[in-house]
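1. the amino acid sequence is not available; the structure is as follows:
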């Protein structure tokens, strides 16, 4: 088990995953959860902190507190994405984002798609330094990625457990997806809903897929990637039908991918270098007929060679030179 948990991975994969996660945290603040800043306008009596918020304990959010957390987290996440000071910046981002989530989820609704991301933020500082493109392997980085993978799969498995615990078998045969389509469905979802019994079949399929998700750890590498691709396709359909993105979960799920192969900066440099025109020269191109007119034993004048009066292609039957 310890060997499986600490299976070594390339440092380049850890560096790429770290950059992606911290950039997502910055994007999350301004794209997905900017509404957290509006919580300061809600009366403090409605603030019901999660268990961790009661144990620490954490203060009731104020406008000053939320503003400081927002700007500090945004700045530190962007700095952490560079890979510098991975432990110091990593722990700081983890603590601030945890507080950001406690504020967000302490007003009556808790999203389970944040679990994998929070685990990734907690373990990334332990992975140590890693550079993009580095092929040397690290067990510390492998442990960080593996723990994140386990958290991602637990999100699926425990979601199915919660469905059956609180909804029972009625969740499978009820109108869960139908209500979701009525509330936030798209035109595609409306077309799917018209097919008899398809939503019931889909509900059975969702629970089966979530319960069987741990199988991903038993598959060979190629099939494991294929199953992760199925996970992403499932969420693509979810977005296209009921507009639920699970974006934090999708970011954490990249821990399964060989991210060291994704090198956008290198690709951009190669593209720019490929499009740069070759420097112009005043030397005319070599006559392709030169090769046919040079007698045996004589070297043809190459393209780009500087021609002079004494460096002429010899006439057949005459020696080289004046």
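-> Received it, and whenever you're ready, just let me know what you need. Everything quoted here is computed from the prediction, not taken from an experiment.

2. any stretches of the chain with poor pLDDT?
-> Along the chain, the parts satisfying pLDDT under 70 run over 275-322.

3. mind listing the strands for it?
-> With DSSP state E as the criterion, the chain has strands at 9-10, 137-138.

4. those: which one's closest to residue 202?
-> When the strands of the chain are compared by Cβ to Cβ, strand 9-10 sits nearest residue 202, at 35.3 Å. For glycine as for every other residue, the C-beta is placed from the backbone atoms N, C-alpha and C.

5. is it true that residue 37 touches residue 70?
-> Yes. Taking Cβ atoms under 8 Å as the definition, residue 37 is a contact partner of residue 70 at 6.2 Å.

6. distance from stretch 150-165 to the middle of the chain?
-> Here the centre of stretch 150-165 is set off from its chain's centre by 21 Å, with Cα atoms, centre = their mean, to the nearest Å.

7. who's in contact with residue 235?
-> 245, 246, 249, 250 (Cβ atoms under 8 Å, 6 or more residues apart in numbering).

8. repeat for residue 4
-> Residue 4 neighbours (Cβ under 8 Å, 6+ apart): residue 146.

9. distance of it from residue 122?
-> 20 Å (Cβ to Cβ, to the nearest Å).

10. ok, residue 33 next?
-> Distance from residue 33 to residue 122, by Cβ to Cβ: 18 Å.

11. also residue 229?
-> Counting by Cβ to Cβ - residue 229 and residue 122 are separated by 27 Å.

12. who's more crowded, these two?
-> Higher neighbour count among residue 229 and residue 122: residue 122, with 19 against 12, using other Cβ atoms under 10 Å.

13. right, and that one touches residue 94 too?
-> Yes. Using Cβ under 8 Å, residue 122 is in contact with residue 94, at 5.5 Å.

14. what does the lengthiest helix in the chain contact?
-> Longest helix in the chain, counting residues (DSSP state H): helix 139-162. With Cβ under 8 Å, 6+ apart as the contact definition, helix 139-162 has outside contacts at 4-9, 11, 13-14, 17, 112-113, 115-116, 119-120, 123-124, 126-128, 130, 206-207, 209-211, 213-214, 216-217, 231, 249, 252-253, 255-256.

15. and those, which are buried?
-> Those of the contacts of helix 139-162 that meet the buried threshold are 6, 9, 11, 13-14, 17, 113, 115-116, 119-120, 123-124, 127, 130, 206-207, 210-211, 213, 216, 231, 249, 252-253, 255-256, by 16 or more other Cβ atoms under 10 Å.

16. which residue sits closest to residue 42, ignoring its sequence neighbours?
-> residue 107 (6.6 Å; Cβ to Cβ, 6 or more residues apart in numbering).

17. neighbours of residue 201, how many?
-> 12.

18. again with residue 203
-> Count around residue 203 with other Cβ under 10 Å applied: 20.

19. surely it touches residue 175?
-> No. If you go by Cβ under 8 Å, residue 203 and residue 175 don't touch, sitting 9.3 Å apart.

20. I figured residue 136 was touching residue 8, is that so?
-> No. Contact criterion Cβ under 8 Å: residue 136 and residue 8 do not qualify, at 9.1 Å.

21. distance check, residue 29 against residue 91.
-> In terms of Cβ to Cβ, residue 29 sits 18 Å off from residue 91.
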